[in-house]
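K.L.:
Just to be clear, the model below is a prediction. Sequence and coordinates:
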Amino acid sequence: GDSVTQMEGPVTLSEEAFLTINCTYTATGYPSLFWYVQYPGEGLQLLLKATKADDKGSNKGFEATYRKETTSFHLEKGSVQVSDSAVYFCALSDQGYQKVTFGTGTKLQVIP
Amino acid sequence: EAGVTQFPSHSVIEKGQTVTLRCDPISGHDNLYWYRRVMGKEIKFLLHFVKESKQDESGMPNNRFLAERTGGTYSTLKVQPAELEDSGVYFCASSPTSGAYNEQFFGPGTRLTVL
């Protein structure tokens, strides 16, 4: 079945540091890929998505590129802020967008 | 526009008791999903409603879990009797039925603790 593997946290960075959270996936078809974010006390929010190979999703300074050859969708940001502290989930949807398969989540803490 | 709401935000019960979680989707969204995150693990799909019908309940862990969506509006997820391993955060999501990709909008979750 489908699965998503992402790097374990927690990840602690200083403000303005470069962020990479690795994500790889296994799917039978051609999934759409997502990064969701959960800020403290809030629900899951879609951060960015990519629906086909080589697409780059971007939002709020975060980027991720759909790499079919390496089955990866790594999340990057050039300069993190304290407000980026949250849990980040890599995810995919491979059944007409009806069921989302998530990774375990990576907690990011950014310190001033 | 109001987002997906869930009630309660937290619930602490003893093993063997019954708990009912409620989800109110975004108005007009036909699709409603339940997911669960057990401590430190991935968020797992439980089931999917289209209006009042169960489209996919392949993720329901066992028959102690019962989900309903009477009238195709809000949904409830009942756990009876609750076991220790049922502890976790239960998320609800909804999406419209139109377009090629229907983003799922998630609620804040209900944190269930079974003692």
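P.N.:
That came through, no problem. Numbering: from 1, shown residues only, chains lettered A, B, ... in the order given.
K.L.:
secondary structure class for the residue most central in space within chain B?
P.N.:
Nearest to the mean C-alpha position of chain B, by Cα atoms, centre = their mean, lies residue B:34 at 3.2 Å. Secondary structure for residue B:34, judged by DSSP: H, G, I helix; E, B strand; the rest coil, is strand.
K.L.:
gap between it and chain A?
P.N.:
11 Å (Cβ to the nearest Cβ, to the nearest Å). Glycine gets a C-beta too; all of them are placed from N, C-alpha and C.
K.L.:
what sits against that residue?
P.N.:
B:23, B:45, B:46, B:47, B:67, B:75, B:77, B:90, B:91, B:92 (Cβ atoms under 8 Å, 6 or more residues apart in numbering or on different chains).
K.L.:
Go again with 6 Å.
P.N.:
The neighbours of residue B:34, taking Cβ atoms under 6 Å, 6 or more residues apart in numbering or on different chains as the test, are B:46, B:47, B:77, B:92.
K.L.:
what residues are up against the closest residue in space to it that isn't next to it in sequence?
P.N.:
Across the structure, with Cβ to Cβ, 6 or more residues apart in numbering or on different chains as the measure, the residue nearest residue B:34 apart from its sequence neighbours is residue B:46 (4.1 Å). Contact analysis of residue B:46 by Cβ under 6 Å, 6+ apart lists B:34, B:35, B:36, B:59, B:60.
K.L.:
what are the bridge partners for the first one, then?
P.N.:
Here residue B:34 sits in beta bridges with residue B:47, residue B:92, as judged by DSSP bridges.
K.L.:
pLDDT wise, what is it at?
P.N.:
According to the prediction, residue B:34 has pLDDT 97.
K.L.:
I'd say residue A:108 and residue A:12 touch.
P.N.:
No. If you go by Cβ atoms under 6 Å, residue A:108 and residue A:12 don't touch, sitting 8.0 Å apart.
K.L.:
which one of those two has more residues nearby?
P.N.:
residue A:108 (20 against 12; other Cβ atoms under 10 Å in any protein chain shown).
K.L.:
Now do the more buried one against chain B, distance only.
P.N.:
16 Å.
K.L.:
May I have the phi/psi pair for residue A:84?
P.N.:
phi -80, psi -10 (degrees, to the nearest 10).
K.L.:
Just to confirm, what's the three-state secondary structure of residue A:58?
P.N.:
At residue A:58 the chain is in strand, as set by three-state DSSP.
K.L.:
residues in contact with it?
P.N.:
Residues in contact with residue A:58 (Cβ under 6 Å, 6+ apart) are residue A:48.
K.L.:
same thing but 10 Å
P.N.:
Neighbour list for residue A:58: A:47, A:48, A:50, A:64, A:65, A:76, A:77 [criterion: Cβ atoms under 10 Å, 6 or more residues apart in numbering or on different chains].
K.L.:
What's opposite it in the beta bridge?
P.N.:
According to DSSP bridges, the partner residues bridging residue A:58 are residue A:63.
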